[in-house]
Structure formats: structure tokens, C-alpha cells
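Student: Sequence isn't available, so here's the structure alone:
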């Protein structure tokens, strides 16, 4: 026969085992609720990125090439080593290079920063236009480039500097805003 002392010992041991199992399970669940680190950013990044922009008719209008593109959490894409070029079919002979650029979701404007250089791909070197600045906002769908920063403009052998500029790339028109200085040789 089983002694009452053995039954009590068996009940106490079983209760202790169940209690420690319950406490261990509860403690583990609480630990997993608090992560010791921030969750990883779920965006993407690309090396040697190429992004195509289309016009209203759906045909290729421009392309953005970059050494690197990275999606940020605030619905923007950051580019480094950037080149924006219009398609040959658009008849817009401009190429824009910069160290960095930002493209925001829902906005057609590209913000270019650091050694920004816009050049017209003219057939004649005498008429080639080059715009240099540290900051430029480009709206490739409207063919407009604008800055409030200092700009240097070279047209063939002629050169100008100014503070602020508005350029219409589709009709090769540049409007300088203030502090215009230049060197025009015959």
C-alpha cells in the first residue's frame, strides 16, 4: 500500500513542477515583448540604380541614374552619384549631374545637392551651356530648374555668376534673379 506521506510528497512535487513551468512560460513571453534593439528599416537600396520617368503620354521622358539609391522611412528616396538625362525623343538636350539627390513620393521635383552641373548637349561647343551650383530643384516633367543659391553659367566663352536662377530647359531660357556679374568676350 502507498503511504500517505508518499502521496503528499508526490502532490507537492507535482505542484512545484507545474508552478515552475507556469512561471518560466510567463517570464519568456514577457521577454519577447520588449526587443533589445530597434526593428530593421524595411526599405530597399539599390546599387547602380536606374529610374525611368514617363510623360503624360506614357513614353519615356527622362531617366535618373545613380551609384546608389536608398528608400527612407519618410517616403523619400536618397540618391548618391546622380545623373538625370532626358530621353532622345524628348528633344531636351540637357544632362544634370550631382553628388546627391532626393525624390519625394507624390512630388515630381528632384532636389539635387553638391557639385550640381547641368549641361546642354549642343552640337556646337560655342553654344554649349553649363550651369554650376551647389543646390538645384529640377522638375523634369515641366522642364524647369530653379535655385536661390549662387550659380555660375558658361555659354561658350562667355560666363556669368548670379544669386538665384530659373531655367526653362525646353526652350533654353535662363532667368537670373540677382547679383548678376559676367564676362562677355567678342
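Tutor: Yes, it's here. Since this is a predicted model, take the numbers as computed values, not measurements.
Student: what helix or strand does the spatially most central residue of the chain sit in?
Tutor: Per Cα atoms, centre = their mean, the C-alpha nearest to the average position across the chain is that of residue 78, at 2.0 Å. In this assignment (DSSP states H and E), residue 78 forms part of strand 76-86.
Student: packing partners for that strand?
Tutor: strand 60-71, strand 94-104, strand 110-120 (3 or more Cβ pairs under 8 Å, 6 or more residues apart in numbering; DSSP states H and E). Just so you know, the C-beta spots here come from the backbone N, C-alpha and C atoms, and that holds for glycine as well.
Student: Quick one: those strands as TSV, columns for mean pLDDT too.
Tutor: As requested, those are exported to TSV (pLDDT from 0 to 100):
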stretch	mean pLDDT
strand 60-71	92
strand 94-104	94
strand 110-120	94
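Student: how about the strands in the chain?
Tutor: 45-54, 60-71, 76-86, 94-104, 110-120, 129-139, 144-155, 158-168, 173-183 (DSSP state E).
Student: okay if I get the helices and strands packed on strand 76-86 as JSON lines plus mean neighbour count and distance to residue 155?
Tutor: As requested, those are exported to JSON lines (neighbours: other Cβ atoms under 10 Å; distance: least, Cβ to Cβ, whole Å):
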{"stretch": "strand 60-71", "mean neighbour count": "18", "distance to residue 155": "23"}
{"stretch": "strand 94-104", "mean neighbour count": "19", "distance to residue 155": "14"}
{"stretch": "strand 110-120", "mean neighbour count": "19", "distance to residue 155": "9"}
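Student: right, and these - which one's nearest residue 4?
Tutor: With respect to residue 4, and counting by Cβ to Cβ, the nearest of these is strand 60-71 at 71.1 Å.
Student: Listing partners with orientation, what would you give for that closest one?
Tutor: Using DSSP bridges, strand 60-71 pairs in its sheet with strand 45-54 (antiparallel), strand 76-86 (antiparallel).
Student: Deepest-packed of those, please.
Tutor: Counting by mean count of other Cβ atoms under 10 Å, strand 76-86 has the highest mean neighbour count of the strands paired with strand 60-71, with a mean of 20.
Student: got the angle between it and strand 94-104?
Tutor: 160 degrees (axes from the mean of the first three to the mean of the last three Cα atoms, to 10 degrees).
Student: what sits up against strand 76-86?
Tutor: 49, 61-72, 92-105, 110, 112, 138, 140, 169 (Cβ atoms under 8 Å, 6 or more residues apart in numbering).
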